[in-house]
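1. compute the structure for the input listed below.
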Amino acid sequence: IYHERHRLRNGRLLNYAAGGGGGDAVLLLHGWPQTNHAWRRLMPLLASDYRVVAPDLPGFGNSSKPHSGYDKKTIALSLHELMQSLGHERYHVVGHDLGGQAGYPVAAQNPAAVKSLTLIEAGIPGLGDKDNAANPWLGGSWHFGFNMLADLPEILLAGKEREFLNYIFFRDTIGLVVTDAISNADLDIYATALSQPGGVRGSFSHYQAMMQDREDNRAFAKHALTMPVLMMGAQCGAGLSWLDTVQAAALHVETALVSGSGHYLPEERPSEVADILSSFIARAI
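-> Modelled structure (predicted):
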């Protein structure tokens, strides 16, 4: 596995990790509040059969943190550009959490290039019958509203990034079940990334763009995805609660529910996730 930064046509930089041998390319998109470090256990398990690419999403980690362009339709253009620049004309997309929200428009805008789409503990804002993820009164998480605020999170979290992340990862609902899956050293890596200049602003800007994402997703969904789509959930996480949003976007949807895990499946149950992904991707080739 090697780490590099790619300069996009818009001048911004995407930091990414990549490696593996032959086989199909797999684009791995991390969730919030993480970086591509979230794939550290999964990448080696997939690298024997696939070429894996795991960027830091814009606004996260060592990627650029611009002041605009966080709607997922725009983010997806940069991710597709990265894969094309690396020589991957066709590839599979796997997104966890927020990465799934970015993964959907990658597939929707590039249906000839994306061979399959996997959403791990992720849904598609704006679709489905409920669309309640951002409303805590209707079962959604409080952090959606908090992250959508401009400026205030930066003030409140300054110097408290590690304490904030510790709460997020170890909360009673949607938190870790395998509590040693994110060690103190891992937590330090995530806290360092969040505390960089622009770290809070950039990563939270993905949520501030969600209203635009909802409208874009509704437009994308007028043309249903035809490639195989897998929704993977965690028994002690969101599970399959967002399945209706995925079924509203794709014609061929499979599901997998992993037991003994909280929301952070790639870190908590990497072997199980790798087995499920490998089986799904092999059938999607």
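2. tell me the pLDDT of Ala76.
-> The predicted structure scores Ala76 at 98 on the pLDDT scale.
3. and for Asp172?
-> 87.
4. next one: it from Gly262, what distance?
-> Distance of Asp172 to Gly262, computed by C-beta to C-beta, to the nearest Å: 10 Å. C-betas here are computed from N, CA, C, even on glycine.
5. more neighbours: those two, which one.
-> Neighbours per residue, other C-beta atoms under 10 Å: of Asp172 and Gly262, the larger number sits with Gly262, 26 against 6.
6. and the gap between the more buried one and Ala181?
-> 9 Å.
7. common neighbours of the two, please.
-> Shared contacts of Gly262 and Ala181 (C-beta atoms under 8 Å, 6 or more residues apart in numbering): Glu268.
8. so which residue is smack in the middle of this structure?
-> Per C-alpha atoms, centre = their mean, the C-alpha nearest to the average position across the chain is that of Gly99, at 1.5 Å.
9. and it, that's in a strand?
-> No: inclusion of Gly99 in a strand is not indicated when DSSP: H, G, I helix; E, B strand; the rest coil is applied; the result is helix.
10. once you drop chain neighbours, what's closest to it?
-> Leu29 (3.0 Å; C-beta to C-beta, 6 or more residues apart in numbering).
11. hey, what's that neighbour bridged with?
-> Assessed by DSSP bridges, Leu29 has beta-bridge partners Gly95.
12. verify the stated contact: it with His80.
-> No: the pair Leu29 / His80 is not scored as a contact, 11.7 Å apart, by C-beta atoms under 8 Å.
13. ranges for the helices of the chain?
-> Under the criterion DSSP state H, helices of the chain are mapped to 42-47, 72-85, 98-109, 142-148, 152-157, 161-170, 184-195, 199-208, 210-220, 243-247, 265-268, 270-284.
14. among those, which comes closest to Arg9?
-> helix 72-85 (6.6 Å; C-beta to C-beta).
15. that closest one packs against which elements?
-> Packed against helix 72-85, as judged by 3 or more C-beta pairs under 8 Å, 6 or more residues apart in numbering; DSSP states H and E, are the following elements: strand 13-20, strand 25-29, strand 51-55, helix 98-109, helix 210-220.
16. those into JSON lines, with extra columns for distance to Glu272?
-> Supplementary listing: the helices and strands packed on helix 72-85 in JSON lines, determined by distance: least, C-beta to C-beta, whole Å:
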{"stretch": "strand 13-20", "distance to Glu272": "20"}
{"stretch": "strand 25-29", "distance to Glu272": "16"}
{"stretch": "strand 51-55", "distance to Glu272": "17"}
{"stretch": "helix 98-109", "distance to Glu272": "18"}
{"stretch": "helix 210-220", "distance to Glu272": "29"}
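17. got CSV for the ones you listed, with distance to Ser63 and mean pLDDT too?
-> Compiled in CSV, the helices and strands packed on helix 72-85 are given as follows (distance: least, C-beta to C-beta, whole Å; pLDDT from 0 to 100):
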stretch, distance to Ser63, mean pLDDT
strand 13-20, 5, 97
strand 25-29, 12, 98
strand 51-55, 7, 98
helix 98-109, 12, 98
helix 210-220, 19, 96
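18. go through these and name the closest to Asn147.
-> Each of the helices and strands packed on helix 72-85 was scored for nearness to Asn147 using C-beta to C-beta, and the closest is helix 210-220 (8.8 Å).
19. buried sites along that closest one?
-> Burial within helix 210-220, assessed by neighbour count using 16 or more other C-beta atoms under 10 Å, is assigned to 210, 212-213, 216-217, 220.
20. isn't Phe169 right next to Gly175, touching?
-> Yes: counting by C-beta under 8 Å, Phe169 does reach Gly175; the two are 6.0 Å apart.
21. these two: who's more crowded?
-> Legend: neighbour count by other C-beta under 10 Å for Phe169 and Gly175, higher for Phe169 (22 against 16).
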